[in-house]
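Participant: Take a look and give me a structure for this.
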Amino acid sequence: MATTVERLGRYAEALASEQPIGAYHALDDDQEDRAILALYRVDRPHATIEDLRQIPPLALSCYHQMLHDLAREGLGPLALARSVSA
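Facilitator: Down below sits the predicted model:
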């Protein structure tokens, strides 16, 4: 069983693997969804954005809180250029 520090490390790695971390900036809805999905995949590795949308809002509150905690420290995912493959 992972310690709290190890688990938080996994969340940080998951978030950083999706988008680089840098100085905080406001995220649009799509960016926030992708950041939360990266965090959610620590617990559910094969989750998709559709899976994320099926979860009750209260169940996702800890992931939103992690993003807010990062923002409070002045950190957050950096925006990346969107790929054209939709």
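Participant: So in this structure, where's the weakest helix or strand by average pLDDT?
Facilitator: In the chain, no helix or strand scores lower on mean pLDDT, DSSP states H and E than strand 21-23, which sits at a mean of 67.
Participant: State the next helix or strand along the chain beyond that one.
Facilitator: The C-terminal neighbour of strand 21-23 among helices and strands, as given by DSSP states H and E, is helix 29-43.
Participant: how near is Ala71 to Gly9?
Facilitator: Counting by Cβ to Cβ, to the nearest Å, the separation of Ala71 from Gly9 is 19 Å. Every C-beta, even on glycine, is put in place using the N, C-alpha and C of the backbone.
Participant: neighbours around Asp69, how many?
Facilitator: Using other Cβ atoms under 10 Å, Asp69 is surrounded by 10 other residues.
Participant: Ok, His46 next?
Facilitator: For His46, using other Cβ under 10 Å, the count is 6.
Participant: for Gly76, phi and psi?
Facilitator: The phi/psi pair for Gly76 (degrees, to the nearest 10) reads phi 180, psi 170.
Participant: same question but for His46, I mixed them up
Facilitator: Dihedral pair for His46: phi -100, psi 10, per degrees, to the nearest 10.
Participant: what's the answer for Pro56, then?
Facilitator: Backbone torsions for Pro56, taken as degrees, to the nearest 10, come to phi -60, psi 140.
Participant: Going forward, count from 45.
Facilitator: Fine by me, first position is 45 from now on; the one you just mentioned is Pro100.
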